[in-house]
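J.: This is the structure alone, sequence omitted:
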């Protein structure tokens, strides 16, 4: 039952070519920067994983985190709501060059598709996107005189999330807005890996404060002083420091 992992490298060792990976965060809030960078380190050392489908709220900023993952050529397809954020230069260049695919999903629909995946609901209906290009080819039905678009669940092989506290059994809490997509992604993935600021013993988290129960988490790794994407970008950081 002890789900603690010895290192970031061990945490991402099971991610293979072609997998779908959900990455938590809303911009930099709740983004598991260290787990993403560990995945890049593995790619540089071994050439794997590649051809990933990544589910995230946005397309990354600057040259760290998700943007760095894309810059290394590891991502074949991105499913997100905001490909145009503060500094999406990496994604923009690769998309315009035809080097990455994009599935654009309205933010509320993205959250609900992930939640549906975790709840075992294959499809649902929403009025969002009706009459737009995003609804092209999707079934439409009318309920109470209003057209609704059918959307499919989203599930993943792995979810990489950032939490505040975790115990050895995988129970998690989040700090403020870092909660965002992370709890939903934990439920929708076959394997969830959480980086946490501190690991406590079972019982060290008040049961009333647990947001993600340990049943949804397969691995917990301690990152005592996690990086913040916005701070890295203000410092003009690039990951890896020496480009492969």
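T.: It's in. The structure presented is a predicted model; accordingly, all values stated were derived computationally and were not measured.

J.: Surely residue 191 and residue 219 touch.
T.: Yes. Applying CB atoms under 8 Å as the test, residue 191 and residue 219 come out as touching, 7.4 Å apart. For the C-beta atoms, the positions are set from N, CA and C on the backbone; glycine is no exception.

J.: between these two, who's got more neighbours?
T.: Higher neighbour count among residue 191 and residue 219: residue 219, with 20 against 16, using other CB atoms under 10 Å.

J.: now the helices for this structure?
T.: In the chain, the helices defined using DSSP state H lie at 8-11, 33-46, 65-71, 89-96, 107-119, 182-188, 229-234.

J.: okay, and for this protein, where does confidence drop off?
T.: Along the chain, segments meeting pLDDT under 70 span 242-244.

J.: Please tell me how far residue 174 sits from residue 240.
T.: 28 Å (CB to CB, to the nearest Å).

J.: Please disregard the earlier target; I meant residue 124.
T.: 40 Å.

J.: Determine how far stretch 31-47 lies from the middle of the whole chain.
T.: Mean-position distance between stretch 31-47 and its chain equals 14 Å (CA atoms, centre = their mean, to the nearest Å).

J.: err, stretch 77-93, not the other one
T.: In this view, stretch 77-93 has its centroid 14 Å away from the chain centroid, taken as CA atoms, centre = their mean.

J.: swap in stretch 85-95?
T.: Taking CA atoms, centre = their mean, one finds the center of stretch 85-95 at 17 Å from the center of the full chain.

J.: Right, I'll call it a day here.
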